[in-house]
Every structure is written in structure tokens, then in C-alpha cells.
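Trainee: just the structure for this:
(2 chains)
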2 protein chains.
Amino acid sequence: MSEFDLIARIAPLLDGAGDDVVVGHGDDAAVVRVGGSEVVVAVDVVVEGVHFRRDLSSWEDVGWKAVAVNVSDLAAMGAIPAAAVIGLCRPAGFGEDDVEALYRGLRAACDQWDLRLVGGDSVSGPALVVSVTTFGRVGGSGAVTRAGALPGDRLVVVGALGAAAAALAQVARGARPDPAHLAAHRRPRALPEAGRSLAQHGARAMIDVSDGLGADLGHLCAASGVAARVTASALPVAPGAREVGGWRLVCGGGEDFALVAALPPECAEEAARAAADAGGVLAAVVGEVHEPHGTTVVLDLPGGGTLDLDRMGYDHFREGDK
Amino acid sequence: MSEFDLIARIAPLLDGAGDDVVVGHGDDAAVVRVGGSEVVVAVDVVVEGVHFRRDLSSWEDVGWKAVAVNVSDLAAMGAIPAAAVIGLCRPAGFGEDDVEALYRGLRAACDQWDLRLVGGDSVSGPALVVSVTTFGRVGGSGAVTRAGALPGDRLVVVGALGAAAAALAQVARGARPDPAHLAAHRRPRALPEAGRSLAQHGARAMIDVSDGLGADLGHLCAASGVAARVTASALPVAPGAREVGGWRLVCGGGEDFALVAALPPECAEEAARAAADAGGVLAAVVGEVHEPHGTTVVLDLPGGGTLDLDRMGYDHFREGDK
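Mentor: Got it, this is the predicted structure:
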């Protein structure tokens, strides 16, 4: 069962926009009206072997990451994080010290992005599962969904690509990963300030890059009914990442927690600069949106060839050379 | 590691009231200011063997229950439910049909209590873990916490006690449970309308009865710095439950998802009547709050003796005769 089949199966049981739902299921986060305010809600489940490996991450790292992946979802809506709650299932061998270490990581990440950590539920169970729900408020420009990109829009990527994937590829090969790459896997950096800045600068559609630029830009294109063309040489790439696995790793590796947004051409350069400043990260105008035909996401390579990014799957711990 | 030791260990890492936190960790739900509104948030994790057994519950039942236990937390704050999100970890053997059945149960419960089901995250993992987060808004009288009961207040219980515990006790003995008792275990009924009504009628402190009246009234007393005396013969009891396990089962069995509230004496009778009407369930004035001394929660038995409810632990699937 693929994740997409599953989503198609349960979608009829979920609420889309309407009544008090501003943005329903199927985006980075939902937006619900609660007592007059628009509340942006994201949930992510973090599981061993999918999102972390015990030999690479401490429990503090796991806690940090569980919050970071959520905040990245809020960032992709242009939202301002407010608070987090935790649903924790812990196995018998997961002791008090481990729980405390996990919570120290949750706390550190909440402090990093100014979220209140207001509790949760903890039960004993057969495996460690950390489910984090974060919520926030929309900025003045409203929530940015995946579904507003128009032909002619420029694409801006904020945040360097490929670092976490490069670390995992090296580990899979038995090589020693670059410490900076490994840090990106262990303690990803979400970009809510950059997301807010992109929203303020006119972003019409936005998504966070968690499964790789190809896959996530593909989701944005599908939601917007458009296609995209990206120039490889323009991409913000983590130093040393391309050397590990080429453009496939950079655009298909995942765990970047970067942002990609579509903006009107006249706003794009300024938006990229402002978002880079806001997030303290690399950002660039990397391509453009066009009418849908053929491959949804094409990457123009420096040598003159192209790479179809559509089919780039996602498996963080897959064998290295993607 | 007991749940209480664990909570004490992580409490310093959580946020209490202050800044944008109206009610922090340690109550039935948290209350956070988001964009001008007070948002009530509850999270519950549902795991096989703790909250359900495969031989007693269908996946639809499990989905229903995961929402119901959350809505019961919102009810205990006097909040009005708004939306739910799901964090799901599903093992290899949990197929598409199972996921859909689970979501049908989630959907049915959301429809029952008027929540929007706006999505969530689903990952493959080693065990089935369902983490539900629900959101709501506070009613006009503000959120009711566990910490406002005063000596002289009367205690009102809304919802019949003992049904789910009676079913599990019978199953543990190899006897056939009463169908109505089994239904209470499989598809618990949360009481948000009754909670709202109690808040409007002056409830100063409230908690939902999920671990048994003794344990939960003990939490309310601890948070309020008071003690309580309850008259057994006044309790609303599910028909047939006392016959299965006596007062210990009625007051210590758990899974009632009833509400217990402390109100000024002059409000109590009317509040109980109104809450019974609002929830369509039994309700009664069952005892009173006094200055703390000795046992925190005492039950006066019909024969003239007493039962200390303080020590009544909680284990839904423990051997029957409690």
C-alpha cells in the first residue's frame, strides 16, 4: 500500500474547505476557524527506522526533529508557530532518562522557534512513536497553500538542499559523513521566518521540501494544475552534497526542510533576498511555472541535458546512490 | 516507572500558564491564545492492550474511541469541540481496509460531536498507535480547570459510572458482559454539551472521569488543594454495574467518560438537572468539598462504612474483581 493509495482511500472521510475549515486535508497544514481566529494545524509522526536511526541520533535529536518537521509544515503555510502538544507511545525499554532526553529535545526546538510546549499524553506500548501536533496563527497575508501557482510565476527555493541526504548516503556506503551534513539530518532547521517573509512578498503557492525538491514541487504543481522547470545551476545546494550523490541526491534525497514557493515574476528576486535574510540561509530564484504538459517537474542540467524529477521517490534510509 | 513519576520528571520542560498560555500542562486540556482566540487543545494516544482489545473492538470502534476520549477532555474544560487531527503509526499487517475502517470510526465520532476532521500524518511503523489531537473554543464562561474547587462546594457527577469497567470485569472472568456495558467500552460517549452546561451553571472546577471517580476526583482535589466526601447511594451508576464489581468497580474502574464538577451549593441541584438534560444522561449531586485533612476522597457507603478512593489505581484490563 503506497502512501498515495492510502490518502486516496481515506480522503472522502476527511473534511475539505467549508464551514469553519479554511484549508482542509491535503496541504502542509490545515487551517480551521476557532472562536474567530484562523488556526493553522500540522501533525507529524516520527518513528525509528523511518525518521531516525538510533546509531545516528540521540533522543534529544529525535525530540528536536519531531518539532522541526512540524514547524516546517507551518512555515510552508506562512504561519507563525504558537504551541505544540505531544502524543508519546513508549516501549518498556524506554526509561525515564530517555523520556527526559526526548523532552529536552522537544523543549529546545520549541524554544528555537518560540512555541509553547503545553503537554500531551504518554502511554506505554509496543514501540516508540512520537506524534507532535503544532499550531499557529496565519500572518497578515493569510495562509499560503500549495494550490495557487500560475504559469509565468517564478520559483524560489529557500534553504540549502541535499545535506541530510548526503549524510545518509555516506552512512549507507560505510563512509564517514560530513559533520555538517549529519547535523542537518539530526537537527533539521525549520524556516518559519522565511516562510512568513515569502508570504509577505507575494507567494501564491508554497510547500516545504521534506521528501526532495522533485517530489514536493510535484505536489505543488499537482495542486496548482501547473508544471515546473528548474535550473540545476541556480539551486541553493549544501556545500559538498552534490559531490556525494549528484543532482538526484540534491533534488530527491529529502529531509531538507527547505521551502519552495511560486511568486509573480516581478516579486521573485526581492522575495528570495528577503527570505534568505529572514531565515539566515541560502535562497535563489531557481525556475519557473508553466502550463502543464508532459513531465511535471523538469530539471535543466548544467551540461545541457535534463532530469525528470517527477518519479523521484522518497526513502530516507534507501541505499545511497540516488 | 509510574505515569506520575514520569510527569514529575518532564513537568519542568513544559510550559505552565503565562504569556500566551492560559492553561498549561497538567489539566484535561491546555488553553493557548492564538491570534486573539483562546484555543483549547487535548491529545490522547490510543494503543492496543491499553485502550482496546482486538477481540472486543472493531477498528471502527477504535477510531470512535480515540476521538471520544479527546472530546471528553475538552468537555471537562467546558469547551466546544472544533476540529481533530490524527497521527497514525500502522504496522505492516494493518491493511488499507483496516485504515479505512479506523477512519470511518474517527469520522463517525467527529460527526457525533461536530468536529471537522482535517487530516493528519500516517507512517508505517512497528505497532498500531493512534494519536488524536482535538481543538475547541472556550464557552462564554471561560475554561474550567481542575483547580478552583472551594470547601463547601457541592460535587456533581454527570454520566453513569461503571458500565465499561463492568464489561471488562466480566470478560476477565470469562463471563458474558452485558451488551450495554460492552457498548460503553467500545463506543464511549463524551459529554461536551453537559460540560458546557456545568460551566454555564457555575462550575468552579471540573475533570472527566476516565481513570475512575476516585482517581480523577483525587486529581481535582489535589489541584484545588481540597478534599472530598462522596455519598455512594447518590452516585449515578450504570444499571447492573454495581452487581458486577461493587463500589470499587463503580468508583475505580475507569473509562466512564463522565464528568465531575465542583459548584457553589446554591447552584448544584439546578446544574445537575441542566447537565443531565444537555447530555441526555444521569446526573446527581453526590457529595461535597471540604478542607484537606486525612484521606483526600472518602466514599460513604450505604451500610454506614467508608471506602478510601484515593488509592484506586487504574488498569483497564486488570483482573476483574476490583
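
Trainee: what residues of stretch A:262-272 count as buried?
Mentor: Neighbour-count burial for stretch A:262-272, with 16 or more other Cβ atoms under 10 Å in any protein chain shown as criterion, is recorded at A:262-263, A:267-268, A:271-272. The way it works is simple: take the backbone N, C-alpha and C, and place the C-beta from them, glycine included.

Trainee: chain center to it: distance?
Mentor: Shown here is stretch A:262-272, whose average C-alpha point lies 20 Å from the average C-alpha point of the whole chain (Cα atoms, centre = their mean, to the nearest Å).

Trainee: check stretch A:262-273 too.
Mentor: Here stretch A:262-273 is found 20 Å from its chain centre; the criterion is Cα atoms, centre = their mean.

Trainee: can you dump the C-alpha coordinates of that stretch into PDB?
Mentor: Extracted as PDB, the C-alpha positions of stretch A:262-273 are listed here (Å, rounded to 0.1, in the frame of the first residue of the first chain):
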ATOM      1  CA  ALA A 262       5.800  30.300  -6.600                       C
ATOM      2  CA  LEU A 263       5.700  34.100  -6.900                       C
ATOM      3  CA  PRO A 264       4.800  36.600  -9.600                       C
ATOM      4  CA  PRO A 265       8.000  37.300 -11.700                       C
ATOM      5  CA  GLU A 266       8.300  40.900 -10.500                       C
ATOM      6  CA  CYS A 267       8.400  39.800  -6.800                       C
ATOM      7  CA  ALA A 268      10.700  36.800  -7.000                       C
ATOM      8  CA  GLU A 269      14.200  38.300  -6.700                       C
ATOM      9  CA  GLU A 270      13.300  40.500  -3.900                       C
ATOM     10  CA  ALA A 271      11.400  37.800  -2.200                       C
ATOM     11  CA  ALA A 272      14.400  35.400  -2.400                       C
ATOM     12  CA  ARG A 273      16.700  38.000  -0.900                       C
END
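
Trainee: one step back: would you reformat the buried residues of stretch A:262-272 as a markdown table and include pLDDT and distance to chain B?
Mentor: Putting those into a markdown table (pLDDT from 0 to 100; distance: Cβ to the nearest Cβ, whole Å) gives the following:
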| residue | pLDDT | distance to chain B |
| --- | --- | --- |
| A:Ala262 | 98 | 22 |
| A:Leu263 | 98 | 25 |
| A:Cys267 | 95 | 25 |
| A:Ala268 | 98 | 29 |
| A:Ala271 | 98 | 24 |
| A:Ala272 | 98 | 28 |
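
Trainee: using CSV, lay out those residues together with distance to B:Leu182 and secondary structure.
Mentor: Rendered in CSV, the data for these read as follows (distance: Cβ to Cβ, whole Å; DSSP: H, G, I helix; E, B strand; the rest coil):
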residue, distance to B:Leu182, secondary structure
A:Ala262, 54, strand
A:Leu263, 57, strand
A:Cys267, 61, helix
A:Ala268, 61, helix
A:Ala271, 59, helix
A:Ala272, 61, helix
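
Trainee: up against chain B, what does the stretch 101-250 of chain A have?
Mentor: By the rule Cβ under 8 Å from any Cβ of the partner chain, the part of the stretch 101-250 of chain A lying against chain B is A:103-104, A:106-107, A:116-127, A:129, A:131-133, A:135-138.

Trainee: how about 7 Å then?
Mentor: Counting by Cβ under 7 Å from any Cβ of the partner chain, the residues of the stretch 101-250 of chain A close to chain B are A:103-104, A:107, A:116-127, A:129, A:131, A:133, A:135, A:137.

Trainee: tell me the pLDDT of the residue in the stretch 151-300 of chain A positioned nearest to chain B.
Mentor: As assessed by Cβ to the nearest Cβ, chain B sits closest to A:Ser210 within the stretch 151-300 of chain A, at 11.0 Å. In the prediction, the pLDDT value recorded for A:Ser210 is 94.

Trainee: what's near enough to touch the residue nearest to A:Asp15 when sequence neighbours are not counted?
Mentor: Distances taken as Cβ to Cβ, 6 or more residues apart in numbering or on different chains place B:Arg116 nearest to A:Asp15, at 4.3 Å, with adjacent residues excluded. Each residue near B:Arg116 by Cβ atoms under 7 Å, 6 or more residues apart in numbering or on different chains is listed here: A:15, A:19-21, A:32, B:82-83.

Trainee: cool, and A:Val67?
Mentor: Applying Cβ under 7 Å, 6+ apart to A:Val67 gives the contacts A:84, A:106, A:109-110, A:132.

Trainee: among the residues you listed, which are in helices?
Mentor: For the contacts of A:Val67, the ones inside helices are A:106, A:109-110, with DSSP state H as the criterion.

Trainee: mind putting the residues you listed into JSON lines with neighbour count?
Mentor: Conversion of these to JSON lines gives the following (neighbours: other Cβ atoms under 10 Å in any protein chain shown):
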{"residue": "A:Leu106", "neighbour count": "29"}
{"residue": "A:Ala109", "neighbour count": "29"}
{"residue": "A:Cys110", "neighbour count": "25"}
